[in-house]
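# Have a look; sequence and predicted model below, questions after that.
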Amino acid sequence: MLFFYYFCINFSIMINSVRNTVLAIANKQNYGYITPSDFNLYAKQAQLDIFEEYFYRYNQWIVRQNARQSGTEYADIVKNIEEVIDTFSVANNLTFTSPNFDVPSDYYLLNVIRYNNKEIDKVSNAKILNLNASNLTSPSLLYPAYVLNGDKITVYPSQIVSGVSAQYIRRPKDPKWTYVSLSGGEPMFDQSDSLYQDFELPITDEPSLVAKILQYAGISIREADVYNAAVAMENSETQKEG
(Lines give C-alpha, C1' and ligand atoms only; values in the text may rest on other atoms or scores of the structure.)
Protein backbone atom coordinates (compact mmCIF):
# COMPACT_ATOMS: atom_id res chain seq x y z
CA MET A 1 0.00 0.00 0.00
CA LEU A 2 0.98 3.63 -0.17
CA PHE A 3 3.53 5.00 2.25
CA PHE A 4 3.61 8.79 2.25
CA TYR A 5 5.71 9.81 5.22
CA TYR A 6 8.81 11.26 3.63
CA PHE A 7 10.53 14.63 3.57
CA CYS A 8 10.79 14.77 -0.20
CA ILE A 9 9.61 12.64 -3.08
CA ASN A 10 12.32 10.49 -4.60
CA PHE A 11 11.47 9.05 -8.01
CA SER A 12 14.51 6.85 -8.41
CA ILE A 13 13.28 3.34 -7.62
CA MET A 14 15.67 0.92 -9.24
CA ILE A 15 13.77 -1.87 -10.94
CA ASN A 16 16.81 -4.08 -10.48
CA SER A 17 16.63 -3.63 -6.71
CA VAL A 18 12.95 -4.56 -6.70
CA ARG A 19 13.57 -7.63 -8.84
CA ASN A 20 16.47 -8.79 -6.66
CA THR A 21 14.29 -8.51 -3.56
CA VAL A 22 11.41 -10.35 -5.21
CA LEU A 23 13.69 -13.19 -6.34
CA ALA A 24 15.36 -13.42 -2.94
CA ILE A 25 12.04 -13.81 -1.15
CA ALA A 26 10.52 -16.16 -3.72
CA ASN A 27 13.62 -18.36 -3.95
CA LYS A 28 14.34 -18.53 -0.22
CA GLN A 29 12.03 -21.49 0.15
CA ASN A 30 12.70 -22.87 -3.34
CA TYR A 31 9.35 -21.69 -4.70
CA GLY A 32 10.67 -21.39 -8.23
CA TYR A 33 12.31 -18.95 -10.58
CA ILE A 34 10.52 -15.87 -11.93
CA THR A 35 11.55 -15.23 -15.52
CA PRO A 36 12.32 -11.68 -16.70
CA SER A 37 9.24 -11.66 -18.94
CA ASP A 38 6.99 -12.77 -16.08
CA PHE A 39 8.59 -10.26 -13.73
CA ASN A 40 7.91 -7.43 -16.21
CA LEU A 41 4.26 -8.46 -16.48
CA TYR A 42 3.84 -8.56 -12.70
CA ALA A 43 5.74 -5.28 -12.34
CA LYS A 44 3.46 -3.54 -14.83
CA GLN A 45 0.31 -4.63 -13.01
CA ALA A 46 1.75 -3.87 -9.57
CA GLN A 47 2.67 -0.33 -10.61
CA LEU A 48 -0.80 0.25 -12.08
CA ASP A 49 -2.43 -1.04 -8.89
CA ILE A 50 -0.45 1.35 -6.70
CA PHE A 51 -0.89 4.24 -9.15
CA GLU A 52 -4.67 3.85 -9.04
CA GLU A 53 -4.62 3.60 -5.25
CA TYR A 54 -3.25 7.13 -5.10
CA PHE A 55 -6.58 8.48 -6.38
CA TYR A 56 -8.63 6.48 -3.88
CA ARG A 57 -6.30 7.57 -1.08
CA TYR A 58 -6.51 11.16 -2.25
CA ASN A 59 -10.29 11.10 -1.96
CA GLN A 60 -10.11 9.51 1.50
CA TRP A 61 -7.62 12.09 2.78
CA ILE A 62 -9.62 14.99 1.33
CA VAL A 63 -12.55 13.79 3.44
CA ARG A 64 -10.27 13.59 6.50
CA GLN A 65 -8.85 17.02 5.76
CA ASN A 66 -12.33 18.53 5.55
CA ALA A 67 -13.08 16.89 8.88
CA ARG A 68 -9.84 18.38 10.28
CA GLN A 69 -8.36 14.92 10.80
CA SER A 70 -5.20 15.41 8.74
CA GLY A 71 -1.93 17.11 9.58
CA THR A 72 0.00 20.04 8.11
CA GLU A 73 3.44 20.64 6.60
CA TYR A 74 5.34 17.30 6.56
CA ALA A 75 2.23 15.54 7.87
CA ASP A 76 0.06 17.02 5.09
CA ILE A 77 -0.82 13.76 3.37
CA VAL A 78 -3.08 15.44 0.78
CA LYS A 79 -0.21 17.63 -0.39
CA ASN A 80 2.13 14.65 -0.59
CA ILE A 81 -0.34 12.69 -2.72
CA GLU A 82 -0.91 15.70 -4.98
CA GLU A 83 2.84 15.99 -5.55
CA VAL A 84 2.99 12.37 -6.66
CA ILE A 85 -0.01 12.66 -8.98
CA ASP A 86 1.25 15.95 -10.44
CA THR A 87 4.37 14.21 -11.75
CA PHE A 88 2.06 12.45 -14.23
CA SER A 89 0.42 15.69 -15.37
CA VAL A 90 0.84 16.36 -19.10
CA ALA A 91 -0.30 19.15 -21.44
CA ASN A 92 -0.47 18.36 -25.16
CA ASN A 93 -2.15 19.58 -28.31
CA LEU A 94 -4.82 17.21 -29.58
CA THR A 95 -4.81 15.71 -33.07
CA PHE A 96 -7.90 16.26 -35.19
CA THR A 97 -9.17 13.23 -37.08
CA SER A 98 -12.43 14.34 -38.65
CA PRO A 99 -14.89 14.73 -37.10
CA ASN A 100 -13.24 14.35 -33.66
CA PHE A 101 -10.10 15.07 -31.69
CA ASP A 102 -8.15 12.03 -30.51
CA VAL A 103 -7.64 11.53 -26.79
CA PRO A 104 -3.93 10.84 -26.01
CA SER A 105 -3.28 7.10 -25.87
CA ASP A 106 -1.58 7.34 -22.47
CA TYR A 107 -4.27 9.34 -20.70
CA TYR A 108 -5.72 8.16 -17.41
CA LEU A 109 -7.75 11.18 -16.36
CA LEU A 110 -8.68 14.28 -18.36
CA ASN A 111 -8.51 17.46 -16.32
CA VAL A 112 -8.95 20.39 -18.70
CA ILE A 113 -9.67 20.82 -22.40
CA ARG A 114 -8.73 24.19 -23.90
CA TYR A 115 -9.39 25.96 -27.16
CA ASN A 116 -6.86 28.68 -27.97
CA ASN A 117 -5.69 28.44 -24.33
CA LYS A 118 -9.19 29.08 -22.97
CA GLU A 119 -10.86 26.35 -20.92
CA ILE A 120 -13.99 24.94 -22.52
CA ASP A 121 -16.92 23.21 -20.85
CA LYS A 122 -17.59 19.49 -20.94
CA VAL A 123 -21.24 18.59 -21.58
CA SER A 124 -23.16 15.34 -21.91
CA ASN A 125 -24.51 13.95 -25.16
CA ALA A 126 -28.04 14.77 -24.06
CA LYS A 127 -27.14 18.34 -23.14
CA ILE A 128 -25.31 19.10 -26.38
CA LEU A 129 -28.44 18.14 -28.32
CA ASN A 130 -30.47 20.61 -26.29
CA LEU A 131 -27.83 23.33 -26.64
CA ASN A 132 -27.62 22.90 -30.41
CA ALA A 133 -31.41 23.02 -30.71
CA SER A 134 -31.37 26.79 -30.16
CA ASN A 135 -29.30 29.54 -31.74
CA LEU A 136 -29.28 31.27 -28.36
CA THR A 137 -27.63 28.39 -26.52
CA SER A 138 -25.56 26.60 -29.19
CA PRO A 139 -21.78 26.65 -28.61
CA SER A 140 -19.80 29.30 -30.49
CA LEU A 141 -16.15 30.06 -31.22
CA LEU A 142 -16.18 32.34 -28.19
CA TYR A 143 -17.97 29.84 -25.98
CA PRO A 144 -17.26 26.32 -27.27
CA ALA A 145 -18.09 23.01 -25.59
CA TYR A 146 -17.00 19.42 -25.92
CA VAL A 147 -18.33 15.90 -25.50
CA LEU A 148 -16.16 12.93 -24.52
CA ASN A 149 -17.06 9.57 -26.03
CA GLY A 150 -14.53 6.83 -25.30
CA ASP A 151 -11.22 7.97 -26.75
CA LYS A 152 -12.76 10.69 -28.92
CA ILE A 153 -13.49 14.33 -28.11
CA THR A 154 -16.08 16.16 -30.19
CA VAL A 155 -15.75 19.94 -29.99
CA TYR A 156 -18.60 22.27 -30.82
CA PRO A 157 -19.04 24.23 -33.03
CA SER A 158 -17.75 21.96 -35.79
CA GLN A 159 -15.64 24.78 -37.29
CA ILE A 160 -13.07 24.12 -34.59
CA VAL A 161 -10.52 21.75 -36.12
CA SER A 162 -7.30 23.00 -34.47
CA GLY A 163 -6.04 24.87 -31.44
CA VAL A 164 -7.43 22.33 -28.98
CA SER A 165 -5.21 21.06 -26.17
CA ALA A 166 -5.62 18.85 -23.12
CA GLN A 167 -4.15 18.85 -19.65
CA TYR A 168 -4.41 15.31 -18.33
CA ILE A 169 -2.96 12.72 -15.98
CA ARG A 170 -1.14 10.06 -17.96
CA ARG A 171 -0.67 6.43 -16.99
CA PRO A 172 2.81 5.43 -15.79
CA LYS A 173 5.07 3.91 -18.42
CA ASP A 174 5.33 0.13 -18.35
CA PRO A 175 8.39 -0.92 -16.32
CA LYS A 176 10.89 -3.04 -18.21
CA TRP A 177 13.75 -4.96 -16.62
CA THR A 178 16.22 -5.45 -19.45
CA TYR A 179 19.16 -7.80 -19.48
CA VAL A 180 21.92 -9.58 -21.33
CA SER A 181 22.48 -13.31 -20.99
CA LEU A 182 25.77 -14.57 -19.63
CA SER A 183 27.54 -17.64 -20.96
CA GLY A 184 25.86 -19.72 -18.29
CA GLY A 185 22.42 -18.47 -19.26
CA GLU A 186 21.93 -16.30 -16.18
CA PRO A 187 20.46 -12.89 -17.16
CA MET A 188 22.36 -9.80 -16.06
CA PHE A 189 20.67 -6.41 -15.68
CA ASP A 190 21.38 -4.08 -18.61
CA GLN A 191 20.32 -0.49 -17.96
CA SER A 192 21.81 0.64 -21.29
CA ASP A 193 19.19 -1.27 -23.29
CA SER A 194 16.93 1.09 -25.25
CA LEU A 195 13.86 -0.76 -23.92
CA TYR A 196 14.83 -0.24 -20.26
CA GLN A 197 12.18 1.57 -18.22
CA ASP A 198 12.32 2.07 -14.47
CA PHE A 199 9.31 2.36 -12.17
CA GLU A 200 7.79 5.84 -12.06
CA LEU A 201 6.57 5.73 -8.47
CA PRO A 202 8.28 7.22 -5.39
CA ILE A 203 10.99 5.15 -3.78
CA THR A 204 8.78 4.88 -0.70
CA ASP A 205 6.52 2.59 -2.73
CA GLU A 206 9.27 0.01 -3.19
CA PRO A 207 8.02 -2.31 -0.38
CA SER A 208 4.51 -2.16 -1.86
CA LEU A 209 5.82 -2.98 -5.32
CA VAL A 210 7.72 -5.98 -3.96
CA ALA A 211 4.66 -7.20 -2.07
CA LYS A 212 2.30 -6.87 -5.01
CA ILE A 213 4.70 -8.50 -7.46
CA LEU A 214 5.07 -11.42 -5.06
CA GLN A 215 1.29 -11.72 -4.86
CA TYR A 216 1.04 -12.08 -8.64
CA ALA A 217 3.97 -14.48 -8.69
CA GLY A 218 2.41 -16.57 -5.92
CA ILE A 219 -0.84 -16.84 -7.85
CA SER A 220 1.01 -17.75 -11.04
CA ILE A 221 3.13 -20.54 -9.54
CA ARG A 222 0.27 -21.60 -7.25
CA GLU A 223 2.29 -21.22 -4.09
CA ALA A 224 -0.01 -20.10 -1.29
CA ASP A 225 2.95 -19.38 1.00
CA VAL A 226 4.39 -16.84 -1.43
CA TYR A 227 1.02 -15.14 -1.84
CA ASN A 228 0.28 -15.09 1.88
CA ALA A 229 3.72 -13.71 2.70
CA ALA A 230 3.20 -10.95 0.15
CA VAL A 231 -0.22 -10.08 1.59
CA ALA A 232 1.35 -9.88 5.06
CA MET A 233 4.01 -7.50 3.72
CA GLU A 234 1.34 -5.31 2.11
CA ASN A 235 -0.75 -5.25 5.30
CA SER A 236 2.35 -4.20 7.22
CA GLU A 237 2.79 -1.21 4.90
CA THR A 238 -0.87 -0.31 5.37
CA GLN A 239 -0.47 -0.26 9.15
CA LYS A 240 2.56 2.03 8.84
CA GLU A 241 0.50 4.42 6.78
CA GLY A 242 -2.16 4.60 9.46
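Nice, thanks for sending it over. For clarity, every value in this text was computed on a predicted model and none was experimentally measured.

# Neighbours of the residue lying closest to Tyr146 once chain neighbours are set aside, how many?
Excluding the flanking residues, the one nearest Tyr146 by C-beta to C-beta, 6 or more residues apart in numbering is Val155, at 4.7 Å. (Glycine included, C-beta is placed from N, CA and C.) The tally of other residues near Val155 (other C-beta atoms under 10 Å) stands at 23.

# who's in contact with Val155?
Contact partners of Val155, counting by C-beta atoms under 8 Å, 6 or more residues apart in numbering, are Phe101, Ile113, Tyr115, Ile120, Pro144, Ala145, Tyr146, Val164.

# Low-confidence ranges, this structure, go.
Residues of the chain meeting the criterion pLDDT under 70: 1-13, 29-31, 67-75, 219-242.

# quick one: secondary structure of Val112?
State at Val112, reduced to three classes by DSSP: H, G, I helix; E, B strand; the rest coil: strand.

# Pull up the gap between it and Phe88, please.
15 Å (C-beta to C-beta, to the nearest Å).

# The two: who's more crowded?
Using other C-beta under 10 Å, the more surrounded residue of Val112 and Phe88 is Phe88, with 18 against 12.

# Is that one in contact with Leu201, as I believe?
No - using C-beta atoms under 8 Å as the test, Phe88 is too far from Leu201 to be in contact (10.0 Å).

# so what sits against both of these two?
Residues touching both Phe88 and Leu201 by C-beta under 8 Å, 6+ apart: Phe51, Pro172.

# In the longest helix anywhere in the chain, which of the residues would be classed as buried?
For the chain, the longest helix by residue count, based on DSSP state H, is helix 36-66. For helix 36-66, a neighbour-count test (16 or more other C-beta atoms under 10 Å) marks 39-44, 46-47, 50-51, 54, 57-58, 61, 65 as buried.

# closest to Glu186 among these?
Comparing the buried residues of helix 36-66 against Glu186 with C-beta to C-beta places Phe39 closest, at 14.2 Å.

# Could you check the angle the helix or strand that comes right after the longest helix of the chain makes with helix 36-66?
Sequence-wise, the next helix or strand downstream of helix 36-66 (DSSP states H and E) is helix 77-86. Taking axes from the mean of the first three to the mean of the last three C-alpha atoms, to 10 degrees, one finds helix 77-86 and helix 36-66 inclined to each other by 140 degrees.

# for helix 77-86, the distance to its chain's centre please.
13 Å (C-alpha atoms, centre = their mean, to the nearest Å).

# After that helix, which helix or strand is next? Please name it.
Later in the chain than helix 77-86, the nearest helix or strand by DSSP H and E is strand 89-93.

# Does anything pack onto the helix or strand following that next one? Which helices or strands?
Next in sequence after strand 89-93, counting helices and strands by DSSP H and E, comes strand 95-97. With contacts taken as 3 or more C-beta pairs under 8 Å, 6 or more residues apart in numbering; DSSP states H and E, strand 95-97 sits against strand 100-102.

# how near is the closest residue to Arg170 other than its chain neighbours to Ile169?
Computed as C-beta to C-beta, 6+ apart, the closest residue to Arg170 that is not its neighbour in sequence is Asp106, at 4.4 Å. To Ile169, Asp106 is 10 Å away according to C-beta to C-beta.
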